[in-house]
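Undergrad: When you get a sec, could you give me coordinates for this:
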Amino acid sequence: MTSRLRLGAFLAGVLMFAGLLAGCSGSDDSSGGSVQLNLPDGRSVTIPETPKRIVTLGDQWTDVALSFGVTPVGYYDYSKSATGELQPWYGQKLKGSTFVDPTKGDDATTIAKLDPDLIFAPGFASNSPEFEQIAKLAPTVNSISGQEIDPWQDMVNVMGTVLHQPEKATEIIEKTNGDIKAIAEEFPSLAGKTYALAFMYGNDQLSVLGDPNDGAAKLFSELKMTMAPKLVAEYQRSGNPRFGLSTENIPMLDADVLVVATATPQQAETLRNLPGYKNLKAVKDGAVAFLTQSQITGLNAPSPNSIPYVLDLLKPAFGSATA
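TA: Next comes the predicted model:
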């Protein structure tokens, strides 16, 4: 793999198989002033003034910026890199922004041309060999929580601090939490129901979520749902938060709600025809939600706009599971 592909491939790979700060200080002046972020990896990042040219190298940070009405000058998006299409919850908001395409040149060089004054990257991006180069271009914020997938609420609070808009951050968090609460109130019987989340990346192989504390599991936890016991048991046995599941082990996906992402419609049809699939409880009850490769990132890396979008997609399955 060439160096120009490493960051993009690393970001895509983690997303597919996918407390706030150690310290934060800044000016109380809402018009600007310096902000210092002390990150879990020991780095201290100082942002001298309200940034005007932000680059976002992850789906979550891009959506968080857009939630504040800020269009990044450049962005990396897993869905666009993998499928050629932007995440649907962005709408047309990135029309004037530059896509940092890892297949068309060195990432650091591309970002440098954007003249950024602040760069946001996912926590796992620091493992990329290009991260050190990128971090020299401008103040660069990566992990803010020490977790593989940062909690979206923490990201919103950090953006609010950096932009000197804490009230806006509170507004965004309350609105998104309200969307989640509305689903819980619409389907109160979801509490205690089980769910399974899988990604079919080949005709005979799936990647399955087994860690109930994973970023993709948090939305279900907030709805008081629990992960399918067999998947949790396999995670505890293997230590792999997301593990491969061969198609003959389809019965392990037995749950009240099944959420499956496939790269193509043909793969979805292949799954429907596999032995054991029709015997799953969710299938019998009509509580299965098929998502595209792009849509599943709304669960893998939840953000203010992806959460209500994905919840709308899951509502039919929730309804069938609680009927």
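
Undergrad: My reading is that residue 251 lies in a helix. Confirm?
TA: Yes. Assigned with DSSP: H, G, I helix; E, B strand; the rest coil, residue 251 falls within a helix.

Undergrad: tally of neighbours for residue 98?
TA: Neighbourhood size, residue 98 [other C-beta atoms under 10 Å]: 15. C-beta coordinates here come from the backbone N, C-alpha and C atoms, glycine included.

Undergrad: ok, it touching residue 73?
TA: Yes. When contacts are counted by C-beta atoms under 8 Å, residue 98 is listed as touching residue 73 (6.5 Å).

Undergrad: Now for the two: what residues contact both?
TA: Shared contacts of residue 98 and residue 73 (C-beta atoms under 8 Å, 6 or more residues apart in numbering): residue 114.

Undergrad: I figured residue 308 hits residue 176, correct?
TA: Yes. Residue 308 is within contact range of residue 176, at 7.0 Å (criterion: C-beta under 8 Å).

Undergrad: Of these two, which one has the most company?
TA: Using other C-beta under 10 Å as the criterion, residue 308 and residue 176 rank with residue 176 on top: 22 against 17.

Undergrad: Surely that one forms part of a helix?
TA: Yes. Under three-state DSSP, residue 176 falls within a helix.

Undergrad: Would you indicate which residues of stretch 166-179 are buried?
TA: Across stretch 166-179, burial judged by 16 or more other C-beta atoms under 10 Å covers 168, 169, 172, 173, 176.

Undergrad: which ones are touching the second one?
TA: Listed by C-beta under 8 Å, 6+ apart, the contact set of residue 169 reads 68, 156, 157, 159, 160, 161.

Undergrad: Which parts of the stretch 101-250 of the chain are helices?
TA: Taking DSSP state H, counting those that start in this stretch as the criterion, the stretch 101-250 of the chain contains helices spanning 107-113, 131-135, 152-162, 166-186, 218-222, 229-238.

Undergrad: weakest of the ones you listed by average pLDDT?
TA: Mean pLDDT per stretch puts helix 131-135 lowest among these, at a mean of 89.

Undergrad: Can you list the helices and strands that that helix packs against?
TA: helix 107-113 (3 or more C-beta pairs under 8 Å, 6 or more residues apart in numbering; DSSP states H and E).

Undergrad: and the helix it packs on, how far from the chain's centre?
TA: 24 Å (C-alpha atoms, centre = their mean, to the nearest Å).
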